[in-house]
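Sharing a model that was predicted from the sequence below.
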Amino acid sequence: MDEALRLLVPRLESRGYDVFTDVEKLRGGDPWSAVLYEEMYLCDAAIVLLGPQTIATSHWVRLESDVLMGRHVVRSLRTVLPGILGTEDTAGASKRGFGALLKVQVVLQRRKLRPLPTDGGVSQFVEWVVDEFAPVTEPVGDRPFLDWAKRVASFLRTSREQNPDTLNAAAHELQCSRGELVHVRAKVGAELFLAHLMLKAAASAVADEHTEAPLPQAVAALRAGLDIGQLQQLSEELLPSCVDPDVAAHFIRNLVSEEAELRPVVFFQAWDEWTARQHVIRAVENRPDGYRIGQLPPNDELPHDESSPVTGLLNSCMAVLRKVFAVPPRMPLNTGTVQRGRLPQYLVIHSADYALEDIAQVVNRLHGLFAWLFVIILVPKDVPGSDEIRDLDLERAVLVKLAPEHEQRAYSLKCSLESVVGRVG
C-alpha cells in the first residue's frame, strides 16, 4: 500500500491534480480533524488504498470510506477508486465494513472498457488509476455541492447549540449505523457529516420505492433546536436532493455554451410545475439566487380577449418573462432592454393548458428574441414523437422522461416535510 501511494502521488501531481493524503498531513492523535473533513467533502475524486493490516485494524480508514461512499451514493462524488492490495480476502474486508467499496470494485472489474485489473500487482494498479485521471487543462471550479451541504450543516449546528441531543435524535431517525453515530457525536465535522446523510436520505426516499422515508422524522427530531422558520428553510434545502442529478443535468447542459444560437427546449414528461422547478434547482445544485424561473398560470385563469391563441399565449409568456428578466413594468421587453445575464433563466409551459402547435410557434418566436431562454414544456402523458417534433420545428428539443412514481414520491416527501414543520409548537 505504501508503494502504491509513493508511486501515485507524483504521477497524479504531474497531471495537474492537488493530491491530499491523510497519512501525510494527519498524525497520530489527530484523527478526523477539520482539515480531513474539509478535504473529503471538497475532493473531486478519491482513491481508497487498503492493505491486510489496514483492513484488519484501521477503524478510522473504514469511517473515511463510509464518508466517501456516502458522497458517492448521492453522486456529489462521482469517482471513488478502490485499491485492495496485498490480499484477496474480500470476505474479511466485507466483514470489517468495506462492503460498499467492494461493490464499486466489482463494477469496475466487470466493465468492458479498461476494467480494474484483478492481478498484476501494484505497478499495474497504479497505471490503471493514473489513466483514470485526464490531465488538468483548466482551473478546478468552485464546489457548489459542498456549499449546499454546509448550508444544511449550519441549521444542524444551530440546533445542536440550542439542544445538544437533537443531532443524535435525528441520526437515530435516519437509522444510522454505529459507525455513523460515531461521526455524529464527534466534536468536529459532525454537522457536515449528518447534513450529507440527510441529503442522501432525500435521494433514497424517491429512488427506492421499498425504502421508507425517514427524513421527515429526522427533521422533526430537530424541532427542539430550531424554530418554524428555520425548519422551513431546512426542508427547502433538503428537498431538491430527491431529484436524480443525471435527469436534472438536462436542464442546464445546453446553457454551458456561450454561443449566441442556444435556443434550449426540453419536453419534460412530468405532471406538475413544482417538479420542473425542483429539477432546475437540482441542476444548479441549489445555489442561492442560482436561477430565475417563471411559469404560466393555467389557461382558465387568464383573461379572455379577442386575440388569436398564439398571440394570447405569447402575451402571457411576455408578462411572465418580465419578472424572470427583472424588467421594470413600463420598460419595453425586447432585445434592446434584455441581455443574457449570469443566471440561467427558465420558462415553464404546461401542454395541458395550450395546444402543442401554439406552444411551438410561441417558443420559436421567443427564441428569436431571447436565444438563451430555457423553455420547459410539460407533457404528462402524450409525449410527442420524433416526426411530430420535426413538424413543430422543434428538432433541437430534448425529451426527458420521469417515471410517474418518482414524481409522486417526491411530492409525497414534500408534503410530509410540510406536515412536520406545520406541527412545530
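Yep, it's here.

For the spatially most central residue of the chain, which non-adjacent residue is closest in space?
Central residue of the chain (CA atoms, centre = their mean): Pro245, 4.8 Å from the mean position. Of all residues not flanking Pro245 in the chain, Arg75 sits nearest, at 5.0 Å (CB to CB, 6 or more residues apart in numbering). Where C-beta positions appear, they are placed from N, C-alpha and C, glycine not excepted.

ok, how many other residues are close to the one you found?
12 (other CB atoms under 10 Å).

That one: which element?
Using DSSP states H and E, Arg75 maps to neither a helix nor a strand.

Ala207 versus that one, what's the distance?
Distance, Arg75 to Ala207, using CB to CB, to the nearest Å: 11 Å.

need the helices for the stretch 1-150 of the chain, in chain order.
Assigned by DSSP state H, counting those that start in this stretch, the helices in the stretch 1-150 of the chain fall at 2-14, 22-25, 34-42, 52-57, 59-73, 90-93, 99-110, 121-131, 144-162.

Likewise for the stretch 251-400 of the chain?
Along the stretch 251-400 of the chain, counting by DSSP H, counting those that start in this stretch, helices occupy 273-283, 309-324, 356-369, 386-391.

mind putting these in a markdown table, distance to Ala249 included?
Listed next are those as a markdown table, based on distance: least, CB to CB, whole Å:
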| stretch | distance to Ala249 |
| --- | --- |
| helix 273-283 | 6 |
| helix 309-324 | 22 |
| helix 356-369 | 21 |
| helix 386-391 | 21 |
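
Just the pLDDT for the residue nearest to Pro245.
Arg75 is assigned 78 on the pLDDT scale.

Leu234 too?
pLDDT at Leu234 comes out at 96.

Where does the prediction get shaky in the protein?
The model of the chain has pLDDT under 70 over residues 1, 23-34, 120, 134-142, 186-188, 210-212, 254-260, 299-307, 423-425.

quick one: Asp119 from Leu85, how far?
In terms of CB to CB, Asp119 sits 11 Å off from Leu85.

Which of these two has more residues huddled nearby?
Leu85 (18 against 7).

My guess is that one contacts Gly51. True?
Yes: with contact defined as CB atoms under 8 Å, Leu85 and Gly51 form a contacting pair (5.7 Å).

Next, report how far stretch 96-105 is displaced from the centre of its chain.
In terms of CA atoms, centre = their mean, to the nearest Å, the centre of stretch 96-105 is found 23 Å from the chain centre.

That one: which residues count as buried?
For stretch 96-105, the buried set under the neighbour-count rule, 16 or more other CB atoms under 10 Å, comprises 96-98, 100-102, 104-105.

Tell me the one of those nearest Val421?
Val421 lies nearest to Ala100 out of those, by CB to CB, at 32.2 Å.

what sits against that closest one?
By CB atoms under 8 Å, 6 or more residues apart in numbering, Ala100 lies in contact with 65-66, 69, 73.
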